[in-house]
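Asks: When you get a sec, could you give me coordinates for this:
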Amino acid sequence: MSLHRTDSNVALEPSRRIFSSSCVSGLYAITPDEFDTTVLTRKVEMAIRGGARLVQYRNKAASLAVRGQQIATLLPLCRARGVPLIVNDDLVLALELDADGLHLGGEDGDITAARRALHGGKLLGSSCYADLERALAAEAQGADYVAFGAAFPTATKPRAVRASLSLYREAKSRLRVPIVAIGGITLQNAASVLAAGVDAIAVISALFDAQDVERTAREFSDLALRR
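Replies: Numbering: from 1, shown residues only. Now for the predicted structure:
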């Protein structure tokens with residue numbers, strides 16, 4: 001029985017990959033609110049060609065049916081290139097479509113319960129905003145990585161609490177899991193959070209709104225390699 005009705009006729013790639021937290025590094029591409037699946041797929045493919053190590057499917061505006069169809073379309077693309085596709089916020093949808101992982105915000109579900117529900121080799125991430133204690137708890141509950149932000153002012157979440165560079169440095173010294181910086185990251189400011197010790201930089205607008213997504217992804221990836 002289907003856990004969620006996605007109304008998708010897209011066949012999933014049968015091969016399965018097991019991912020570990022070691023893949024949480026470099027450019028972490030997070031999808032925009034794009035309703036056109038063809039456009040979204042092309043942009044994600046360009047981001048991966050440019051070096052994105054992870055892709056998170058995030059679409060706050062689309063219906064459940066559209067989200068399911070888009071995830072089902074992106075999964076074979078990502079798997080063919082060895083890149084995990086992580087679903088934002090929706091455990092049931094991630095399980096139904098056998099996505100490669102789940103990312104939970106502060107109000108989106110229990111880390112411990114999600115860890116129990118996800119099969120082995122599935123990544124679990126947690127948004128920790130500017131709260132190191134939340135991150136330590138998420139690590140203890142089974143999160144494979146934690147994200148702090150907003151690193152910089154961001155149009156996606158204009159009221160988000162800012163995470164300071166000193167927070168990233170302290171988190172790096174106290175956490176064993178990879179650390180992701182998110183929020184307002186651009187080619188002009190990414191070097192500063194990378195220098196603070198983050199493992200990955202999560203980018204939405206500066207990547208997917210770029211005129212050349214592949215080249216922009218490569219430039220972000222090169223910054224991560226040069227740190």
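
Asks: what residues are up against the residue nearest the centre of the chain?
Replies: When C-alpha atoms, centre = their mean is applied to the chain, the residue found nearest the centroid is residue 56 (3.6 Å). Contact partners of residue 56, counting by C-beta atoms under 8 Å, 6 or more residues apart in numbering, are 28, 29, 30, 31, 85, 86, 87, 88, 103, 202. Heads up, the C-betas are built off the backbone N, CA and C, glycines and all.

Asks: Return the subset of these lying in helices.
Replies: Taking DSSP state H, every one of the contacts of residue 56 sits outside helices.

Asks: Out of those residues, who's the most crowded?
Replies: Neighbour counts for those, by other C-beta atoms under 10 Å, peak at residue 28, which reaches 32 neighbours.

Asks: Return the distance of that residue relative to residue 41.
Replies: Summarising the geometry, the distance separating residue 28 from residue 41, computed by C-beta to C-beta, to the nearest Å, is 18 Å.

Asks: cool, residue 134 as well?
Replies: Using C-beta to C-beta, we find residue 134 at a distance of 34 Å from residue 41.

Asks: Can you give the distance of the top helix by length along the chain from its chain's centre?
Replies: In terms of residue count, the longest helix belonging to the chain (DSSP H) is helix 64-80. In terms of C-alpha atoms, centre = their mean, to the nearest Å, the gap separating the centre of helix 64-80 from the centre of its chain is 14 Å.

Asks: Could you do stretch 143-163 as well?
Replies: 12 Å.

Asks: now swap in stretch 114-130 and tell me
Replies: 11 Å.

Asks: Using CSV, write out the CA atom coordinates for it.
Replies: As requested, C-alpha coordinates have been extracted for stretch 114-130 and formatted as CSV (Å, rounded to 0.1, in the frame of the first residue of the first chain):
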residue,chain,number,x,y,z
ALA,A,114,13.5,9.1,11.6
ARG,A,115,16.7,7.2,12.2
ARG,A,116,14.8,4.1,13.2
ALA,A,117,12.6,4.4,10.1
LEU,A,118,15.4,4.9,7.5
HIS,A,119,17.1,1.8,6.2
GLY,A,120,20.9,1.4,6.4
GLY,A,121,22.9,3.6,4.1
LYS,A,122,20.3,6.4,4.1
LEU,A,123,21.6,9.8,5.1
LEU,A,124,19.8,11.8,7.8
GLY,A,125,20.5,15.5,8.2
SER,A,126,19.3,18.1,10.8
SER,A,127,18.8,21.8,10.6
CYS,A,128,20.3,23.3,13.8
TYR,A,129,20.0,27.0,12.9
ALA,A,130,22.5,28.8,15.3
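
Asks: Would you mark the buried spots in it?
Replies: Neighbour counts over stretch 114-130 (16 or more other C-beta atoms under 10 Å) mark 114-115, 117-118, 122-130 as buried.
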